[in-house]
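> quick one, what's the 3D model for this:
(one chain, ligands or ions: 1)
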Amino acid sequence: MLSDPVLQIRNLSVEFSARKRTIRALRNIDLDIPRGGTVGVVGESGCGKSTLILSIMRLLAPNSKIVSGDIVFEDRSLFELTEREMQSVRGNEISMIFQDPLTSLNPVISVGQQLIDVQYRDSVAKKVKQQRAIDALSQVGIPDAEARLSSFPHQFSGGMRQRIAIAMTMIEEPILLIADEPTTALDATLEVQIIRELKELQKQSRCSILFVSHHLGVVADLCDYVVVMYAGEIVEQGPVRDLFYNVRHPYAQKLLECDPARIVRSAEKKFPTIPGDLPDLGNLPGGCIFSNRCHSAFDKCETHSPRRTEVSTGHSVSCHLY
Ligand code: SF4
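All right, here's what the predicted structure looks like:
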């Protein structure tokens, strides 16, 4: 576990009921986000990344159920807060950046007005809020920020819209920023720029970041700590250098092999994939959840679930090979 965490997730399990089936979306998740640190969560679609974020924000669908565990943010259990208290946490202390910036930007209100509106909790003069809006836009690299206050989201490029969305989330100086695949819809050059902005903003604000992505190269660039998820479980987690240079779990190894940045660098231009499918979360197999796709599986893997084992300081893996 990491020292001085702003957020601690302990033994979190979440289920969904759908068509008389129980989907076991998250199982026994343990995760810490250190103060001022950046934790990257990686895994294929369907691995549980979105359910994890929605659990933190307490925005899970009505057909969901927290089966076990707790999420503690700044020494308060998020599950024990009233809805009113939780609304104050969302946006004020925990902010989110989405993959599509238009999710958080209103298309019919100018960006300047939106940047002022987001400060509704602060009882300062409108002039002060406007100046903060200009500063926030300048900080994320929007040229001529004052003049662009009256522009609408559609008058900006995709990359600029994502920068504005970042400015919106950072203006209230959150303690924790959750970035949900914020660069997935952008081209490689813009992706690099946005990651640089995020790094710079974090340096200035000292907020913690939970960065969710399926792009390992980006995670390596931005994060201090990496969590690899598969089919609703954490299969490996550790400090970024340790995990990338000493990756242990067969799934995490495959995920690294499939990273687009590695493929571009290698002479082999074929796009590797991980053969097989994710297990049915409504009918989980016994034993290791990766056993049907694992090139190293042996008898025990079919019958016994692996326990988490610490392989070096802060680096743990759930696999019978260790
Ligand atoms: Fe593969 Fe067995 Fe390890 Fe699971 S426990 S990842 S099946 S070797």
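
> could I get the contacting residues of the residue of the stretch 51-200 of the chain found nearest the ligand?
Minimum separation of the stretch 51-200 of the chain from the ligand (CB to the nearest ligand atom) falls at Leu52, amounting to 20.7 Å. To be clear about C-beta, it is placed using only N, CA and C from the backbone, and glycine gets the same treatment. Leu52 makes contacts with Ile9, Leu12, Leu26, Ile29, Leu31, Val41, Val212, Met229, as judged by CB atoms under 8 Å, 6 or more residues apart in numbering.

> can you pull out the strands in this protein?
Assigned by DSSP state E, the strands in the chain fall at 5-18, 21-34, 38-42, 64-73, 76-77, 94-97, 176-180, 208-213, 225-230, 233-239, 308-312, 315-318.

> Val240 and Ser17: what is the separation?
Separation of Val240 from Ser17 (CB to CB, to the nearest Å) stands at 37 Å.

> among the contacts of Leu52, which two are most distant?
Farthest-apart pair in those is Leu12 and Val212; separation 15.5 Å (CB to CB).

> follow-up on the earlier one: could the strands of the chain be laid out in JSON lines, adding mean pLDDT?
As requested, the strands of the chain are exported to JSON lines (pLDDT from 0 to 100):
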{"stretch": "strand 5-18", "mean pLDDT": "95"}
{"stretch": "strand 21-34", "mean pLDDT": "95"}
{"stretch": "strand 38-42", "mean pLDDT": "94"}
{"stretch": "strand 64-73", "mean pLDDT": "96"}
{"stretch": "strand 76-77", "mean pLDDT": "96"}
{"stretch": "strand 94-97", "mean pLDDT": "89"}
{"stretch": "strand 176-180", "mean pLDDT": "92"}
{"stretch": "strand 208-213", "mean pLDDT": "92"}
{"stretch": "strand 225-230", "mean pLDDT": "96"}
{"stretch": "strand 233-239", "mean pLDDT": "96"}
{"stretch": "strand 308-312", "mean pLDDT": "95"}
{"stretch": "strand 315-318", "mean pLDDT": "96"}
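
> okay, the ones you listed in TSV with mean neighbour count next?
What follows is those, written out as TSV (neighbours: other CB atoms under 10 Å):
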stretch	mean neighbour count
strand 5-18	18
strand 21-34	20
strand 38-42	25
strand 64-73	17
strand 76-77	12
strand 94-97	24
strand 176-180	23
strand 208-213	24
strand 225-230	26
strand 233-239	24
strand 308-312	14
strand 315-318	22
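
> take the ones you listed and write them to TSV, including distance to Arg161.
TSV is the format used below for the strands of the chain (distance: least, CB to CB, whole Å):
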stretch	distance to Arg161
strand 5-18	28
strand 21-34	27
strand 38-42	23
strand 64-73	29
strand 76-77	33
strand 94-97	11
strand 176-180	15
strand 208-213	19
strand 225-230	28
strand 233-239	32
strand 308-312	40
strand 315-318	37
